[in-house]
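Student: Output the structure for:
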Amino acid sequence: MTSSSSLGSHLLDCSFGSLLGGMIPSEQIPGKFKPQRGLFRRGGVISEGAGLLPVKEEEFVEHQLRSLRDMLPVRKCSIEELLRSDDPKVPTLGGGHHRFSRRSVEAAASAIPRDLWSVPLFPITFSSGEELGRGVVVIRNKAEAVAFARMMGLSELPRTPEGHHYTYKVLVIDFMRRYPSLGVLSV
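Tutor: So this is what the prediction gives:
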């Protein structure tokens, strides 16, 4: 039989484990933890028994938010710019690059009206809209919302009371499946 504290610890491990992916053992980074590349791609758990440093929940959340911010693009690119580039990418706030798949860019070009080809749209930024209801995702830029709707075969997206467009998590997941390099998640 499992004690309640052990069960709570296991639940904490499972929920955070899906976000963390792999971790570098604590002996390699004294006093800190550092996520490996592919943060959201691999399953894993936070565990002291695995030689990892314990992480306070607040520190974990702060680190995850910082990691998400670091993946946001410094600027956006237009379809024209992406189609012309041999290596389509934009710099990120964290100093890296967000790379675009040629196949995704070409698929987007076939779905987006030609008059939007010169508008910097990509990557489309999806923000949490939980204040509007569970599973709601906000697209704050009008041109990005139009591009998203066209790429998903929709005529238009509904608007929030503030005038931003919104959609639902299930459509964003489908979008990311179809066009994996053309969107980013924001907090």
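Student: can you tell me how far Tyr179 sits from Phe148?
Tutor: Here the criterion is Cβ to Cβ, to the nearest Å. By it, Tyr179 lies 10 Å from Phe148. Heads up, the C-betas are built off the backbone N, CA and C, glycines and all.
Student: likewise Gly96?
Tutor: In this structure, Gly96 and Phe148 are separated by 24 Å, where distance is defined by Cβ to Cβ.
Student: With Thr125 instead?
Tutor: Applying Cβ to Cβ, one obtains 10 Å for the distance of Thr125 from Phe148.
Student: overlap in contacts of these two?
Tutor: Counting by Cβ atoms under 8 Å, 6 or more residues apart in numbering, the common neighbours of Thr125 and Phe148 are Ile139.
Student: Comparing the two, which residue is more hemmed in?
Tutor: Phe148 (28 against 18; other Cβ atoms under 10 Å).
Student: The more buried one contacts Tyr168, doesn't it?
Tutor: No - contact status for Phe148 versus Tyr168: not in contact, 11.7 Å apart, counting by Cβ atoms under 8 Å.
Student: OK, contacts around the closest residue to Ala109 other than its chain neighbours?
Tutor: What sits nearest to Ala109 in space, not counting adjacent residues and going by Cβ to Cβ, 6 or more residues apart in numbering, is Ile79, at 5.1 Å. By Cβ under 8 Å, 6+ apart, the contact set of Ile79 is 105, 108-109, 112, 116-118, 121-122.
Student: Val90 in helix, strand or coil?
Tutor: At Val90, secondary structure determined by DSSP: H, G, I helix; E, B strand; the rest coil is strand.
Student: contacting residues for it?
Tutor: So, once contact is read as Cβ under 8 Å, 6+ apart, Val90 ends up touching 73-77, 97-98, 100, 123.
Student: Show me which of those residues are buried.
Tutor: Those of the contacts of Val90 that meet the buried threshold are 73, 76-77, 98, 100, 123, by 16 or more other Cβ atoms under 10 Å.
Student: among those, which are in strands?
Tutor: In strands, judged by DSSP state E, the following of the buried ones among the contacts of Val90 are found: His98.
Student: any chance of the buried ones among the contacts of Val90 in JSON lines, plus pLDDT and distance to Gly163?
Tutor: As requested, the buried ones among the contacts of Val90 are exported to JSON lines (pLDDT from 0 to 100; distance: Cβ to Cβ, whole Å):
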{"residue": "Pro73", "pLDDT": "86", "distance to Gly163": "23"}
{"residue": "Lys76", "pLDDT": "93", "distance to Gly163": "20"}
{"residue": "Cys77", "pLDDT": "94", "distance to Gly163": "25"}
{"residue": "His98", "pLDDT": "90", "distance to Gly163": "27"}
{"residue": "Phe100", "pLDDT": "94", "distance to Gly163": "29"}
{"residue": "Pro123", "pLDDT": "95", "distance to Gly163": "22"}
